[in-house]
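[1] show me how the following folds:
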Amino acid sequence: MKDYLLISNTKDNKINDFYLNLVSSRIKKFTIEKVSYRELSPRKAYEWELTSNKLVSKLKNIMSDFQNNYGIDCNFIKTTEKRKKQLLIADMDSTIIREESLDELARQIGKEKEVSFITNEAMNGKIEFKKALLDRIAILEGNSIDIFETLKKNININDGARELVKTMNENGSITVLVSGGFTFLTEYLKELLNFKHTHANSLQIAKKNSQKFEITGKIEGSILDKKAKLDYLNKYMKKYNIDSNDTICVGDGANDIEMIKNAGIGVSYHGKLALNKVADIHFNNTSLLGLLYAQGYSDSEIIK
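    Below you'll find the model as predicted:
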């Protein structure tokens, strides 16, 4: 196993010699030797290979202060010699896309306030996901499926998502989108971003007397929750004979906890406190390109 210190900021692109020298001097203080950094992306991402695990525990508090003072993400990455992962599993809402899809559907019918409240409680682990999902879907009952198409037109893909999926696909990795959201959107994103597999909940639709299709406010089949996300991680590891060390998972809420805990690298992307407690690394100032930097990819290897 090897340890790396990764610092990154793609929001402001502000990492300069001042910050690099500051980090290097702090590492040198504990190693009593000069450790050179590797530039992954100019002004955005740099890493140092650490010579000892003991160094990590001593540096963590110092680098936490550095992160809080300067707004630069600092992450310690423990990895095998083979850093580039063979399996990516990503959450959808507030991870691959900027929006919470259920909240956006509710916005279209004037129910955003009541739905977003339940969403926030669920993401922070204060409401059990299954109950939160069913309560929110019930609010959509009787509305036309036209709101699905409107949502597709208005979602925003988070920065770095396209490059993340494309680069991992091109390097032979399996890319999977697993969401507690809905299949109409995950299937759309599968085509748009070229995920190899997608899984989500299926909203029940019925044709009414008007011959228009409406949302019934119910789910078809079983509910995809945090246990199901873990099950898909295990399923794809077994299917493709991939070791857990060769996996990377990313999400932002309590529903992602189990898959994040069991991944080789578990990433919290602008995550809630419940997820931050179990994630290996955290990105608050870095786009989804951070997942590639965490695997040792440099800009010259990232496919746009």
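[2] residue contacts, residue 264?
    79, 85, 243, 244, 245, 246, 247, 248 (C-beta atoms under 8 Å, 6 or more residues apart in numbering). To be clear about C-beta, it is placed using only N, CA and C from the backbone, and glycine gets the same treatment.
[3] among those residues, which ones are buried?
    The neighbour-count criterion (16 or more other C-beta atoms under 10 Å) marks 79, 85, 246, 247, 248 among those as buried.
[4] give me the phi and psi for residue 46.
    phi -140, psi 150 (degrees, to the nearest 10).
[5] now it: how far from residue 253?
    From residue 46 over to residue 253 the distance is 29 Å, taken as C-beta to C-beta, to the nearest Å.
[6] higher neighbour count, those two?
    For the pair residue 46 and residue 253, the greater number of neighbours falls to residue 253 (25 against 22), based on other C-beta atoms under 10 Å.
[7] excluding its backbone neighbours, what's nearest that one?
    For residue 253, ignoring the flanking residues on the chain, the nearest one in space by C-beta to C-beta, 6 or more residues apart in numbering is residue 123 at 3.6 Å.
[8] next up, the contacts around the one you found.
    94, 252, 253, 254, 255, 272, 274 are the contacts of residue 123 under C-beta under 8 Å, 6+ apart.
[9] got the buried ones among the contacts of residue 264 as a markdown table, with pLDDT, secondary structure and distance to residue 161 columns?
    Output for those, formatted as a markdown table (pLDDT from 0 to 100; DSSP: H, G, I helix; E, B strand; the rest coil; distance: C-beta to C-beta, whole Å):
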| residue | pLDDT | secondary structure | distance to residue 161 |
| --- | --- | --- | --- |
| 79 | 85 | strand | 22 |
| 85 | 98 | coil | 16 |
| 246 | 97 | helix | 21 |
| 247 | 97 | strand | 18 |
| 248 | 98 | strand | 14 |
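[10] now render those as JSON lines, adding distance to residue 192.
    Rendered in JSON lines, the data for the buried ones among the contacts of residue 264 read as follows (distance: C-beta to C-beta, whole Å):
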{"residue": "79", "distance to residue 192": "30"}
{"residue": "85", "distance to residue 192": "22"}
{"residue": "246", "distance to residue 192": "26"}
{"residue": "247", "distance to residue 192": "23"}
{"residue": "248", "distance to residue 192": "21"}
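[11] mind picking the two most distant members of those?
    79 and 247 (11.6 Å; C-beta to C-beta).
[12] what's the end-to-end length of stretch 122-138?
    In stretch 122-138, first residue to last residue: 16 Å (C-alpha to C-alpha, to the nearest Å).
[13] what pLDDT does the closest residue to residue 22 other than its chain neighbours get?
    With C-beta to C-beta, 6+ apart as the criterion, residue 22 has its nearest non-adjacent residue at 7.2 Å, and that residue is residue 66. Per-residue pLDDT puts residue 66 at 92.
[14] for residue 66, helix, strand, or coil?
    helix (DSSP: H, G, I helix; E, B strand; the rest coil).
[15] residue 29 now?
    Criterion first, three-state DSSP; result for residue 29: helix.
[16] gap between it and residue 48?
    Noted for residue 29: a distance of 13 Å to residue 48, by C-beta to C-beta.
[17] could you check which of these two has the larger neighbour count?
    More crowded of residue 29 and residue 48, by other C-beta under 10 Å: residue 48, with 21 against 11.
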